[in-house]
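Novice: Got a sequence here, can you model it:
(2 chains)
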Amino acid sequence: MVVGLAHRVLADDVEVDDLVQDCFVQALSRLDTLHNPQAFASWICSIVVRTAAKRLRRRRLARRLGLRQAAPLDPEAIVAATTPPDVAAELRVVYSVLERLPAEERIALVLRRVEGLQMAQIAEQMGLSLPTVKRRLAAAEARLERARRRL
Amino acid sequence: MKDPPSKYVQPNLSPSRIARLWDGISEQLDARPRRWWQRRWLAGAAALSLGAGAAGGVLLLAGQGAGPAEQTAIHDAALETTGTAMSVALVDGSHIRLDARTRVEVVASESEAIQLSLERGEVVCDVSKKPQRRFVVVAGNVEVRVVGTRFAVRRQATAQGDEVRVRVERGVVEVLAPSSDEPRRLAAGETWSVLLDGSRAKGAAATPAPAEPRLPEPPAAAPTVPPADGGPVDVPREATTPSSSAKLLLDRANQARRAGDADGAARAYAALLDKYPGDSRAGLAAFELGRLRMDRLGDLAGAVAALKQSIRAAPGSGFREDALARLVRAHAALGHRAECERYRDAYLKSYPQGVHAATVTERCGRR
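Specialist: Numbering: from 1, shown residues only, chains lettered A, B, ... in the order given. A predicted model of the protein is given here:
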């Protein structure tokens, strides 16, 4: 679950392992803040989402400073070969725009279009208000739409 | 109800990758003081969350303590006996029997991969026949892999150092030791033993035991350990006490890697390997160096050297499977067909059902 979410958000196997380790270390260090054990899954997913957001912001900054090269994602390598054609086409468009999005837009888009979460769930996991999530998603969807028109 | 698209975007989550992740998590947690509830949650919560199909892998042990309750204890994902032996039934139908004063930690507990780490004492494993399931017992840097059998692994302190002894009662097992890239097969009635240099580190000098097969040669860098004659033996113990400098270098390398500084991380990993080749962290450092050179630095030849070193330094590690698969890929990219085929065959022999089996099979051209 944790590795899967990290993989879908970062789409970079090298960084995924570091993110997962960071998240578990954080989670195990903050277990006393988990008051409802039944909510463990959403609690640790929110840690993944927020830690991934920090990494993605650092990644964009490093690119702007010329410290890191922008490597385009290869949707074919990310999407399983057994994916139904309509789902595969949608996922390819999503992953083709992902690297160009700011961190919060990227994560909101993945949670909505890939994880299939509701707005309220996205807001909870990202630690943002519902209106903010809607604004982030609207911006991401606009870019997605432009990408669809180009394809 | 329609499946979410996430079902079709899944990571390649092999048991070896999970083991490697836990190595990293444990390493970071070890640096922090932990409270009792954190220790208790470590196994349960992590098993629930780390793997995608974790629901079937949470409970490895359906414990049946044979001894008095006060004599046995289960801590996190570990079994420990004090004065009395204990038998435990595993969910796959296998049984293990822990001798008195034995500690076994559960490293992996998936339906297709069970890995136990013997910290001390003796464990006798009566393993059910299940071809799809890997069953491995690790003792120090020795890995005993089950082919379908009953066998015992003992780890005990001797005058010469920590000794790991494997005794096969029925069937066949494979043993991996630092002195060899290839596993050695032990049949029923055979015994094999090895002295570890330090409790977890390099080692691999072999001591003869009655009715045991020919033993692997020790590596060039390993100290020479004379045969056991009952007298005191002065054995160099470079890795007996954990090197804080090696730990610092590993921490520095990991920090650099996480910060995206591939060159800095590679330099720190290489420094660790250069200065502390016998340290228990050397295998992991070599593997990470190999990954960096391959994925970030475009240095395939350097990656090959590091990955080979990782297998030599930690033959029983969780990342051996990934290291072998990467060696196949690297040699294929370099056009080294013979080497590619050699590592491909080694991978398929060790991990016929491994997660990289399909991709490895297609490398190096036609078989």
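Novice: which secondary element of chain A has the worst mean pLDDT?
Specialist: In chain A, the helix or strand scored least confidently by mean pLDDT, DSSP states H and E is helix A:75-78, which has a mean of 76.
Novice: and that helix, does that touch chain B?
Specialist: Yes: with CB under 8 Å from any CB of the partner chain as the criterion, chain B is reached by helix A:75-78 at residue A:78. All C-beta atoms are positioned from the backbone trio N, CA, C, and that covers glycine.
Novice: Now do that helix: everything it contacts.
Specialist: Defining contact as CB atoms under 8 Å, 6 or more residues apart in numbering or on different chains, one finds that helix A:75-78 is touched by A:11, A:91, A:92, A:95, A:96, B:9.
Novice: What score does whichever residue of the stretch 251-367 of chain B sits closest to chain A have for pLDDT?
Specialist: Proximity of the stretch 251-367 of chain B to chain A (CB to the nearest CB) peaks at residue B:258, 4.9 Å away. You'll see residue B:258 listed with a pLDDT of 72.
Novice: Same question for the one 10 residues further on.
Specialist: Reading off the per-residue confidence, residue B:268 sits at a pLDDT of 88.
Novice: Helix, strand, or coil at it?
Specialist: At residue B:268 the chain is in helix, as set by DSSP: H, G, I helix; E, B strand; the rest coil.
Novice: That one against residue B:247, yeah?
Specialist: No: contact criterion CB atoms under 8 Å: residue B:268 and residue B:247 do not qualify, at 11.6 Å.
Novice: now for the helix or strand just after the least confident helix or strand of chain A, which elements pack on it?
Specialist: The helix or strand immediately downstream of helix A:75-78 is helix A:85-98, counting by DSSP states H and E. Helices and strands touching helix A:85-98, by 3 or more CB pairs under 8 Å, 6 or more residues apart in numbering or on different chains; DSSP states H and E, are helix A:75-78, helix A:103-109, helix A:130-150.
Novice: can you state the direction angle for the longest one and helix A:85-98?
Specialist: Here helix A:130-150 points in a direction 110 degrees away from that of helix A:85-98 (axes from the mean of the first three to the mean of the last three CA atoms, to 10 degrees).
Novice: any residue of helix A:130-150 up close to chain B?
Specialist: No: taking CB under 8 Å from any CB as the criterion, helix A:130-150 and chain B are apart, separated by no less than 13.5 Å.
Novice: List the contacts of residue 4.
Specialist: Let's take chain A. B:6, B:9, B:10, B:11, B:13, B:52.
Novice: meant chain B actually
Specialist: Per CB under 8 Å, 6+ apart, neighbours of residue B:4: A:114, A:115, A:116.
Novice: which one of those has the most neighbours?
Specialist: Neighbour tally across the contacts of residue B:4 (other CB atoms under 10 Å in any protein chain shown): the maximum, 23 neighbours, falls on residue A:114.
Novice: Now do the contacts for that residue.
Specialist: A:8, A:91, A:94, B:4, B:5, B:6, B:9.
Novice: just residue A:18 next, same as before
Specialist: Here residue A:18 is in contact with B:24, B:257, B:258 (CB under 8 Å, 6+ apart).
Novice: try it again with 6 Å
Specialist: Residues near residue A:18 by CB atoms under 6 Å, 6 or more residues apart in numbering or on different chains: residue B:258.
Novice: if we can go back for a sec, switch the contacts of helix A:75-78 over to TSV; also include pLDDT, distance to residue B:98 and neighbour count.
Specialist: Converted to TSV, the contacts of helix A:75-78 look like this (pLDDT from 0 to 100; distance: CB to CB, whole Å; neighbours: other CB atoms under 10 Å in any protein chain shown):
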residue	pLDDT	distance to residue B:98	neighbour count
A:11	82	44	21
A:91	88	48	22
A:92	87	52	18
A:95	88	49	24
A:96	86	54	18
B:9	85	42	23
